[in-house]
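Novice: build me a model from this:
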Amino acid sequence: MAVMQATNEAASLPSLSTLSPEATTVELTSAVIADALSQLLACEPGLRSHCGEREVHRARVEIQRLRGRLRALRPVLDKAWVDRLDGELGWLAHELGALREVDVHIRRLGDRVRALPP
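Specialist: Numbering: from 1, shown residues only. As a prediction, the model looks like this:
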């Protein structure tokens, strides 16, 4: 439910591709965050359905992009909000990192098993 709400909210924000050259700082900031959030939320169905190595990697990349954008925009945003969100995103990236390590180990183990003589 929260993902659907976040997706709907992100969709209602200005898009980077539709911003005019006269866009305000608020519009630009909103569009940059909405774009990064949309990319992250696009990973969610794959994570829920089969949570493979590729999906986990993509989600981690999008989290890092969102965190980078938030840090870059920190001077024009509520610093406490950015810090809280950055902390939550950091936690999520850490958890997905552990999951990715498991995926990598499973793949490597499978490679080694397949390399064994019959």
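Novice: just the helices from this structure, written as ranges.
Specialist: Secondary structure of the chain (DSSP state H): helices located at 2-12, 25-41, 44-49, 53-73, 79-115.
Novice: looking at these, which is closest to residue 18?
Specialist: helix 25-41 (8.1 Å; C-beta to C-beta). For glycine as for every other residue, the C-beta is placed from the backbone atoms N, C-alpha and C.
Novice: could you dump the helices of the chain into CSV and include distance to residue 19 and mean pLDDT?
Specialist: Listed next are the helices of the chain as CSV, based on distance: least, C-beta to C-beta, whole Å; pLDDT from 0 to 100:
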stretch, distance to residue 19, mean pLDDT
helix 2-12, 15, 55
helix 25-41, 6, 88
helix 44-49, 25, 82
helix 53-73, 15, 90
helix 79-115, 21, 89
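Novice: any chance of those helices in TSV, with mean neighbour count and distance to residue 18 too?
Specialist: Below are these laid out as TSV (neighbours: other C-beta atoms under 10 Å; distance: least, C-beta to C-beta, whole Å):
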stretch	mean neighbour count	distance to residue 18
helix 2-12	11	12
helix 25-41	17	8
helix 44-49	12	24
helix 53-73	17	18
helix 79-115	12	25
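Novice: not counting sequence-adjacent ones, nearest residue to residue 32?
Specialist: Take residue 32 and drop its neighbours on the chain: the residue closest to it by C-beta to C-beta, 6 or more residues apart in numbering is residue 69, 5.4 Å away.
Novice: do the same with residue 58
Specialist: Spatial nearest neighbour of residue 58, chain neighbours left out: residue 43 (5.2 Å); criterion: C-beta to C-beta, 6+ apart.
Novice: what's the local residue count around that neighbour?
Specialist: Using other C-beta atoms under 10 Å, residue 43 is surrounded by 20 other residues.
Novice: 48 is where my numbering starts, stick with that
Specialist: OK, 48 is where the count begins now, so the last one is residue 90.
Novice: ok, back up a step: residues contacting the residue nearest to residue 79?
Specialist: Residues in contact with residue 116 (C-beta atoms under 8 Å, 6 or more residues apart in numbering) are 79, 80, 83.
Novice: understood, closing this out.
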